[in-house]
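**Q** Any chance you could fold what I've pasted below:
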Amino acid sequence: MIKDATENSPPRVHAPGMRTFLWTMLAILIVRICILCTGLLSIGLAAPGSAPQFNIEHPWLAFDARSYHEIALHGYAASRDGPYLPYLYANSFVLIAYFPVIPLVSRALSSIMPLDVAMVGGSNVCSIIGFVFLYAWARRLAGPRAAVICALITATFPGAVSFAAGMTEGQFFMLVAIALWLLGKDCFYWAAVVAGIATATRPTGIALAVIVPIFAWVRQETLPRSRRLTSFVLLGAISLSGIIGYEAFLWHRYQSPAAYWDAQNHWNNLNQMRLLSEGVQHVDRRFWPLLRDRIYRPQIWNRGMAMAILLISLAGFAKPRGIPRVTFLLPLVIFLMTSIPGRGMRISSVPRYESAALPLFLLTAMWLLPRRRGLALAAFLVAQFAVQVYYAALFTREIWVG
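**A** Sure, this is the predicted structure:
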């Protein structure tokens with residue numbers, strides 16, 4: 001029986017053969033290549049005017065990736081007096097809503113390769129590294145078969161379409177996988193360093209920063225209370241160091257501790273304006289007419305997936321099946337950070353943000369682990385992959401998929 005990972009001795013499982021690991025990684029690589037090529041083929045076949053010129057010139061740089069590209073090229077605005085229209089003007093102040101790690105790394109890599117290649121290549125390479133650590137983490141907790149299923153579920157998950165893009169999802173997925181692997185080995189301070197990098201990568205890095213000190217507090221229950229408390233505070237500070245450093249930079253540059261929130265409110269206002277424009281165009285926003293009109297759109301599918309993610313998170317928190325219970329705070333905090341701001345306007349983005357919610361994928365894998373459920377597992381993987389392929393075809397044409 002698998003022991004709960006909150007005990008002092010982590011569960012031990014027999015290491016799978018190298019062949020199983022390599023076949024799993026090969027299957028994941030094929031999935032990721034298919035998604036990448038689908039996007040490239042979609043933008044290549046786009047009719048004139050069906051996709052922005054920027055996307056045609058820079059495949060897989062749509063939506064947030066375009067903002068990171070702008071920051072990597074020009075940096076952040078020198079003052080908050082600059083233009084508030086991103087993409088139309090360089091150095092737009094509101095781009096500070098996007099965190100600095102990806103632009104900094106991409107800019108450094110652009111000295112040896114084109115910037116768009118650095119961004120897209122970096123995301124894809126990081127996601128593959130993440131799958132290696134995900135497999136190792138899941139294998140330690142639940143065995144090789146569960147690790148294989150967990151990796152395949154994660155790779156085909158519709159939200160993982162963003163791993164192919166020049167955004168932060170691939171990098172954040174890698175950082176979460178490494179941090180969970182380190183926590184499983186009781187390397188708390190190294191996990192905190194990884195979480196610190198994550199909090200400078202994207203806002204939802206806070207979700208990872210939350211679980212590191214709590215995880216250590218639970219595992220260090222035999223230590224004196226004063227030592228546990230000291231460790232908790234230090235780990236929390238290190239885990240949040242990325243976002244603390246970025247906030248200090250913004251405060252210094254723009255002479256205001258609220259600069260980030262001012263920029264974020266601008267993006268929320270843009271979403272509000274979109275909703276108002278739909279009202280002017282007489283879009284019927286009553287529930288059933290709206291559902292009938294949008295039932296075939298990714299936003300509706302994503303809302304359904306968001307609810308499933310929330311239910312699985314709560315189920316895992318109630319009955320973790322050997323997965324450290326505290327790790328289920330990760331998807332729950334990400335869900336709250338996504339759905340609460342802007343009065344729920346971003347809830348259709350939950351699947352993309354939850355693409356790094358690894359405990360959910362492992363729990364689902366454990367539910368589908370019995371061999372008698374092989375047909376259900378195959379159907380589930382095929383359905384997920386089909387949706388992700390569809391999302392890949394839409395994403396590069398800058399059609400919103402979350």
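
**Q** Run through who's touching stretch 54-72.
**A** Outside stretch 54-72, the residues that touch it by CB atoms under 8 Å, 6 or more residues apart in numbering are 36, 39-40, 43-44, 46, 52, 86-87, 90, 92, 95, 97-98, 100, 102-104, 106-107, 110, 115-116, 119-120, 164-168, 395-398, 400. Every C-beta, even on glycine, is put in place using the N, C-alpha and C of the backbone.

**Q** Any quick PyMOL command for the buried ones out of those residues?
**A** Here is the PyMOL selection string for the buried members of the contacts of stretch 54-72, based on 16 or more other CB atoms under 10 Å:
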select buried, resi 36+39+40+43+46+52+86+92+95+97+98+100+102+103+106+107+110+115+116+119+120+164+165+166+167+168+395+396+397+398
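
**Q** just checking, which of the contacts of stretch 54-72 belong to helices?
**A** Per DSSP state H, helices hold the following members of the contacts of stretch 54-72: 36, 39-40, 43-44, 102-104, 106-107, 115-116, 119-120, 395.

**Q** Those: which two are farthest apart?
**A** Greatest spacing in the ones in helices among the contacts of stretch 54-72, by CB to CB: Gly44 and Leu104 (30.5 Å).

**Q** Now for the closest residue to Met337 other than its chain neighbours: which residues touch it?
**A** Excluding its sequence neighbours, the residue lying closest to Met337 (CB to CB, 6 or more residues apart in numbering) is Thr204, at 5.5 Å. Thr204 sits next to 172, 333-334, 337-338, 353, 356 when contact means CB under 8 Å, 6+ apart.

**Q** If you rank every helix and strand of the protein by mean pLDDT, what lands last?
**A** helix 287-294 (a mean of 59; mean pLDDT, DSSP states H and E).

**Q** now the helix or strand hosting Cys34: how far from the chain's centre is it?
**A** If you go by DSSP states H and E, Cys34 is part of helix 18-44. Counting by CA atoms, centre = their mean, to the nearest Å, helix 18-44 is centred 18 Å from the centre of its parent chain.

**Q** For the stretch 201-350 of the chain, just list every one of the helices.
**A** Taking DSSP state H, counting those that start in this stretch to define them, one finds helices in the stretch 201-350 of the chain at 205-219, 225-239, 241-254, 259-280, 287-294, 298-318, 329-339, 350-353.

**Q** right, I mislabeled it, should have said the stretch 51-200 of the chain
**A** With DSSP H, counting those that start in this stretch as the criterion, the stretch 51-200 of the chain has helices spanning 53-57, 64-74, 101-109, 115-142, 144-156, 169-184, 188-199.

**Q** least reliable of these going by mean pLDDT?
**A** Looking over the helices of the stretch 51-200 of the chain, mean pLDDT reaches its minimum on helix 53-57, with a mean of 86.

**Q** Show me how far it is from its chain's centre.
**A** For helix 53-57, the distance to the chain centre is 24 Å (CA atoms, centre = their mean).

**Q** Kindly report the same for stretch 350-364.
**A** For stretch 350-364, the distance to the chain centre is 8 Å (CA atoms, centre = their mean).

**Q** Where does pLDDT dip in this protein?
**A** Applying pLDDT under 70 to the chain flags the ranges 1-16, 82-91, 267-294, 342-344.

**Q** Pull out the buried positions in the helix holding Cys34.
**A** 20-21, 24, 28, 31-32, 35-36, 38-40, 42-43.

**Q** same check, this time on stretch 370-387
**A** 377, 380-381, 384-385, 387.

**Q** Turn these into a markdown table, columns for distance to Arg227 and secondary structure.
**A** A markdown table is the format used below for the buried residues of stretch 370-387 (distance: CB to CB, whole Å; DSSP: H, G, I helix; E, B strand; the rest coil):
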| residue | distance to Arg227 | secondary structure |
| --- | --- | --- |
| Leu377 | 45 | helix |
| Phe380 | 45 | helix |
| Leu381 | 46 | helix |
| Gln384 | 45 | helix |
| Phe385 | 48 | helix |
| Val387 | 48 | helix |
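
**Q** Which residues are in contact with Val176?
**A** 130, 198, 208, 330, 356, 358.

**Q** re earlier: nearest to Ala160, of the buried residues of stretch 370-387?
**A** Once CB to CB is applied, the member of those that ends up nearest Ala160 is Gln384, at 8.8 Å.

**Q** was I right about that closest one contacting Phe157?
**A** Yes: counting by CB atoms under 8 Å, Gln384 does reach Phe157; the two are 5.7 Å apart.

**Q** List buried residues within the contacts of Val176.
**A** Buried subset of those (neighbour count, 16+ other CB under 10 Å): 130, 198, 208, 330, 356, 358.

**Q** Those residues: which two are farthest apart?
**A** Once CB to CB is applied, the buried ones among the contacts of Val176 give Gly130 and Leu330 as the farthest pair, at 14.1 Å.

**Q** Stretch 206-226: which residues count as buried?
**A** Buried-residue list, stretch 206-226, by 16+ other CB under 10 Å: 206-217, 219-220.

**Q** Return the distance of it from the chain's centre.
**A** 23 Å.

**Q** Stretch 114-127 too?
**A** Centroid separation between stretch 114-127 and its chain, computed with CA atoms, centre = their mean, is 16 Å.

**Q** what does stretch 193-211 give?
**A** The answer for stretch 193-211 is 11 Å, by CA atoms, centre = their mean.

**Q** next one: stretch 111-131
**A** Centroid separation for stretch 111-131 versus its chain: 16 Å, with CA atoms, centre = their mean.

**Q** Could you export that stretch as CSV, CA atoms only?
**A** C-alpha atoms of stretch 111-131 as CSV (Å, rounded to 0.1, in the frame of the first residue of the first chain):
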residue,chain,number,x,y,z
SER,A,111,22.0,36.8,-29.3
ILE,A,112,22.5,33.3,-30.9
MET,A,113,19.1,32.8,-32.6
PRO,A,114,16.0,34.8,-33.7
LEU,A,115,13.9,36.0,-30.8
ASP,A,116,10.7,34.2,-31.8
VAL,A,117,12.7,31.0,-32.1
ALA,A,118,14.2,31.5,-28.7
MET,A,119,10.7,32.1,-27.2
VAL,A,120,9.0,29.2,-28.8
GLY,A,121,12.0,26.8,-28.5
GLY,A,122,12.5,27.7,-24.9
SER,A,123,8.9,26.9,-24.0
ASN,A,124,8.9,23.6,-25.8
VAL,A,125,12.3,22.5,-24.4
CYS,A,126,11.3,23.4,-20.9
SER,A,127,8.0,21.4,-21.2
ILE,A,128,10.0,18.3,-22.2
ILE,A,129,12.3,18.7,-19.2
GLY,A,130,9.2,19.1,-17.1
PHE,A,131,7.8,15.8,-18.3
